[in-house]
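Undergrad: sequence unavailable; structure follows:
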């Protein structure tokens, strides 16, 4: 990538083509974005559930979502995501093990969302460590590979006869609760200044219809 396109000068140039309201909205939203938690969706074969989880990530400020497609190839259901795919970063993996390795390399603990007897109640979950929250299929839950590799487990307390929730509902509840606790804590959960800069550039580009031509002009004017 051209280094010029990762600078404050380029951002300032792009922002000339944005309304003041759009610039302010991008700035304000990024103040609540985090990579302290990331969501991993494992082989969820109903497209609307994957898309709904993505929408919850965007709404509650989770910047990255990982999609494991070991069994079921899928595409984002834009009608359900309602544009959320523009504002979150999506990473795809062919299998669970490769995803787990990538998450560990980034410093995440592997947390399985499951009603297992040994799992931690949502309200008691330790939020101080970065965590990759794994969600499984609607029917079978998480794979044995994830359960065996998990550093911990978490569940939503329930008091009714029903023992499970739809994945999109579970994700929404977990993310709302955990993100709320995170923002009220003293944990360093926000994006770094460099991450904010690059994301402002990304979102500005997505907000400008002819940003490619505009970018070519910027490069031409600043390449000497």
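TA: Cool, got the structure. Predicted model, so just to flag it, every value in this text is computed and none were measured.

Undergrad: state the pLDDT value of the residue most central in space within the chain.
TA: The centre of the chain sits closest to residue 64, judged by CA atoms, centre = their mean, with a distance of 2.5 Å. Note for residue 64: predicted pLDDT of 96.

Undergrad: got it, and residue 120?
TA: At residue 120, the model reports a pLDDT of 88.

Undergrad: any idea of the mean pLDDT in the helix ranked longest in the chain?
TA: As far as residue count goes, and with DSSP state H defining each element, the longest helix of the chain is helix 167-183. When the per-residue pLDDT values of helix 167-183 are averaged, the result is 94.

Undergrad: and it, how far out from the chain middle?
TA: How far helix 167-183 lies from its chain's middle: 12 Å, per CA atoms, centre = their mean, to the nearest Å.

Undergrad: which parts of that helix are buried?
TA: Of all the residues in helix 167-183, those buried under the rule 16 or more other CB atoms under 10 Å are 167, 168, 170, 171, 172, 174, 175, 177, 178, 179, 182. For the C-beta atoms, the positions are set from N, CA and C on the backbone; glycine is no exception.

Undergrad: kindly indicate which of those residues lies nearest residue 90.
TA: Set against residue 90, the nearest of these by CB to CB is residue 171 (14.6 Å).

Undergrad: dump the residue contacts of the closest one.
TA: Shown here is residue 171, whose contacts under the criterion CB atoms under 8 Å, 6 or more residues apart in numbering are 39, 52, 53, 56, 57, 133, 135.

Undergrad: among those residues, which lie within strands?
TA: The subset of the contacts of residue 171 located in strands under the criterion DSSP state E comprises 39, 133, 135.

Undergrad: helix or strand with the lowest mean pLDDT in this protein?
TA: Here the helix or strand of the chain ranked lowest by mean pLDDT, DSSP states H and E is helix 78-81, holding a mean of 52.

Undergrad: just checking, the residue nearest to the centre of the chain touches residue 35?
TA: Yes. Using CB atoms under 8 Å, residue 64 is in contact with residue 35, at 5.8 Å.

Undergrad: so, low pLDDT: which residues of the chain?
TA: In the predicted model of the chain, residues 1, 43-48, 70-83, 116-117, 138-139, 163, 224 satisfy pLDDT under 70.

Undergrad: the protein: helices as residue ranges?
TA: Read by DSSP H, the chain holds these helices, from start to end of the chain: 8-15, 20-30, 47-59, 78-81, 96-105, 144-149, 167-183, 193-207, 211-222.

Undergrad: how far off centre is the second one?
TA: On the basis of CA atoms, centre = their mean, helix 20-30 is displaced by 19 Å from the centre of the chain it belongs to.

Undergrad: try the third one
TA: Mean C-alpha position of helix 47-59 versus that of the full chain (CA atoms, centre = their mean) differs by 10 Å.

Undergrad: list the buried ones in it?
TA: With burial defined by 16+ other CB under 10 Å, the residues of helix 47-59 counted as buried are 47, 49, 50, 51, 52, 53, 54, 55, 56, 57, 58, 59.

Undergrad: how about the first one?
TA: Taking 16+ other CB under 10 Å as the basis for neighbour counts, the residues of helix 8-15 that come out buried are 10, 11, 13, 14, 15.
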